[in-house]
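> test case, fold it:
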Amino acid sequence: MSTKFVRVLDTRRPIWGIVEGNVVYHLEGSPYGKWQRGAMLGALHALPLLPPTEPTKIICVGRNYAAHAAEHNSPVPEAPLLFLKPPSSVVGPDAAIVLPTLSQRIEHEAELAVVIARPCRDVTPEEAWDYVLGVTCGNDVTARDLQRQDGQWTRGKGFDTFCPLGPWIVAGLTAADIADLAVTCRVNGDLRQQGRTSEMVFSPAYIVSYAAAVMTLMPGDVLLTGTPAGVGPLTAGDVVDVEVEGIGVLRNPVR
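Alright, predicted model coming up:
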């Protein structure tokens, strides 16, 4: 049975909650340890949602969908192509993606995001899912002109607000449960991206294992698993919806 964990702003402090239907209940404890359901906090639509995790790092995978690699005339990597986004890039649902003046080409990238549950290092792909708390929706916002100009991706991927996550973490899923989910992006209601997690070159469990061979993954850390084809520009006034089938919809305005 799956559980939806959210972080909400309650009397000016962040607290954890559990979503059941359209109602949020206080989570007493931590989703990374022992917890129990507490008192009702209120209706889901009435509560300000925060990013569902506070990662120490966001590990991303480039060109993990062959069609996305092809649209950039790039080869499919023989091993996961890892890069990092800073924690300062994270924003939650309904928070604005802010267009930086340093770039003239900001693009959306809809992705399935994996959230780590406990310290993870040197695990096999078969073991990796035991270290996963759950999944959420992510948007790997990218300054495409800077990415191409620099030849490496730190600046193009690292601006504040360039990592929307949410609206919640769906926990209790198996690797099989997420093996063939639709990943879509709509801008102002128009479909831009459409793919399936089954089209990934490297599975989420393999990505966790590959990254954990390099660095210790900590509770709350996020792995963005790559984006389908169809990435495109964002302009001020747009509204971006990233949806992962059965997980949720992450909506962010652009300004």
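
> contacts and neighbour counts: CA atoms only from here.
Will do.

> quick one: the strand or helix carrying Tyr210 to chain centroid distance?
Here Tyr210 sits within helix 204-212, counting by DSSP states H and E. In terms of C-alpha atoms, centre = their mean, to the nearest Å, the gap separating the centre of helix 204-212 from the centre of its chain is 15 Å.

> other SSEs contacting that helix?
Packing partners of helix 204-212 (3 or more C-alpha pairs under 8 Å, 6 or more residues apart in numbering; DSSP states H and E): helix 125-128.

> what about the helix it packs on, distance to the chain center?
That offset, for helix 125-128, works out to 20 Å (C-alpha atoms, centre = their mean).

> start at 24, not 1
From this message on, residue numbering opens at 24, which makes the last subject helix 148-151.

> CA atoms of it as PDB?
Extracted in PDB, the C-alpha atoms of helix 148-151 (Å, rounded to 0.1, in the frame of the first residue of the first chain):
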ATOM      1  CA  PRO A 148      20.800  -2.700  -8.600                       C
ATOM      2  CA  GLU A 149      18.900  -5.600  -7.000                       C
ATOM      3  CA  GLU A 150      19.500  -4.100  -3.500                       C
ATOM      4  CA  ALA A 151      19.100  -0.400  -4.500                       C
END
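
> show me what the helix or strand following it is packed up against.
Later in the chain than helix 148-151, the nearest helix or strand by DSSP H and E is strand 155-162. Packed against strand 155-162 by the contact rule (3+ C-alpha pairs under 8 Å, 6+ apart) you find strand 133-139, strand 186-194, strand 262-267, strand 271-276.

> where do the helices sit along the stretch 24-173 of the chain?
Under the criterion DSSP state H, counting those that start in this stretch, helices of the stretch 24-173 of the chain are mapped to 89-94, 148-151, 167-173.

> what residue of this protein is the furthest out?
Most distant residue from the mean C-alpha position of the chain: Ala62, 28.3 Å away (C-alpha atoms, centre = their mean).

> residue contacts, that one?
Neighbour list for Ala62: 48-49 [criterion: C-alpha atoms under 8 Å, 6 or more residues apart in numbering].

> separation between it and Glu101?
49 Å (C-alpha to C-alpha, to the nearest Å).

> before we move on, the earlier item: going by mean pLDDT, which of the helices of the stretch 24-173 of the chain comes out lowest?
Of all those, helix 89-94 carries the lowest average pLDDT, namely a mean of 91.

> let's see that one as CSV, backbone CA atoms only.
Taking Å, rounded to 0.1, in the frame of the first residue of the first chain, the C-alpha atoms of helix 89-94 are listed here in CSV:
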residue,chain,number,x,y,z
ALA,A,89,17.2,7.6,-26.6
ALA,A,90,14.7,10.0,-28.3
HIS,A,91,15.9,12.9,-26.1
ALA,A,92,19.5,12.2,-27.0
ALA,A,93,18.5,12.1,-30.7
GLU,A,94,16.7,15.4,-30.6
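
> in that helix, what counts as buried?
Buried residues in helix 89-94, counted by 16 or more other C-alpha atoms under 10 Å: 89-92.

> any idea how far it is from the middle of the chain?
For helix 89-94, the distance to the chain centre is 20 Å (C-alpha atoms, centre = their mean).
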